[in-house]
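Enquirer: Attaching a predicted model along with its sequence, questions to come.
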Amino acid sequence: MNGTNKVAISGANANMYTLTGADVDKYIFFEVTPVAQSGVPSGNPVLSLATPQVLGLSFSLEDNIGSTSYSFPLGTNINNGALNSLWPTVRTEKPIINATVTIDLDGAFTADINDKYTFSNNGSGINLTAGMISNNGQTITIPNVNIMTYPDQPFWFMMKFGTKTLVTEGTFDIKFTINGVTKVMKLNVTN
């Protein structure tokens, strides 16, 4: 963390820099060399202090009882809070701040504004808005998600899908992508 063994990041020469997977477990410094409009052409480079260590994004995707897949008979009505609930849950040991969560339903059913998402510190849920739903109801994008602390529990983010009738037989890959990292939960619909 003292700056020994620093390596310049190729192409990182703008006012903004977006961290990548190559930055995980590293400390980031920035250096500025002042340039004058007249007189002495440039000053001495100035080095910042290190950022905190860049941590990799790690999370699991499971249902509300710890399974990584769901199985329902064709024609099942899934509904929020009942026996046939579909509540995929993201769990993590560390907070995830200002993330974008994208959910691809893979044709299993259609999302709508009656579906909710909730966090470890907000059990009642927040309804999706029409602007979060795209691709004919197959894609949900929730911006600015903060999966924060809740006393004595891991951090989590949960989708609570409202009433849906499963009308297509097959195995569907429900994909949750958070800041470029994707996890898949299987939904098996059988006749």
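Expert: All right, it came through fine. Numbers count the residues shown, from 1 in each chain.

Enquirer: what bits of the protein have low per-residue confidence?
Expert: Within the chain, the ranges that satisfy pLDDT under 70 run 1-3, 21, 55-56, 64-65, 80-83, 120-124, 148-154.

Enquirer: can you do 90?
Expert: Low-confidence segments of the chain (pLDDT under 90): 1-28, 30-45, 47-72, 76-100, 114-127, 144-165, 178-182.

Enquirer: Which residue is most remote from the mean position of it?
Expert: Computed with Cα atoms, centre = their mean, the residue of the chain farthest from its C-alpha average is Gly39, at 49.3 Å.

Enquirer: any idea how far that one lies from Pro45?
Expert: 18 Å (Cβ to Cβ, to the nearest Å). C-beta here means a position set from N, CA and C on the backbone, and glycine is covered the same way.

Enquirer: Could you count how many residues lie near Ala22?
Expert: Counted with other Cβ atoms under 10 Å, residues neighbouring Ala22 total 10.

Enquirer: What of the one 5 residues further on?
Expert: As a burial measure, the neighbour count of Tyr27 was computed by other Cβ under 10 Å and equals 15.

Enquirer: which secondary structure element contains it?
Expert: Using DSSP states H and E, Tyr27 sits in no helix or strand.

Enquirer: from what I can see it touches Leu19, true?
Expert: No: contact criterion Cβ atoms under 8 Å: Tyr27 and Leu19 do not qualify, at 11.6 Å.

Enquirer: Between those two, which contacts overlap?
Expert: Common neighbours of Tyr27 and Leu19 (criterion: Cβ atoms under 8 Å, 6 or more residues apart in numbering): Val54.

Enquirer: measure stretch 11-30 end to end?
Expert: 13 Å (Cα to Cα, to the nearest Å).

Enquirer: again with stretch 117-127
Expert: With Cα to Cα as the measure, stretch 117-127 spans 7 Å from end to end.

Enquirer: Then stretch 142-155?
Expert: First residue to last in stretch 142-155 (Cα to Cα) measures 17 Å.
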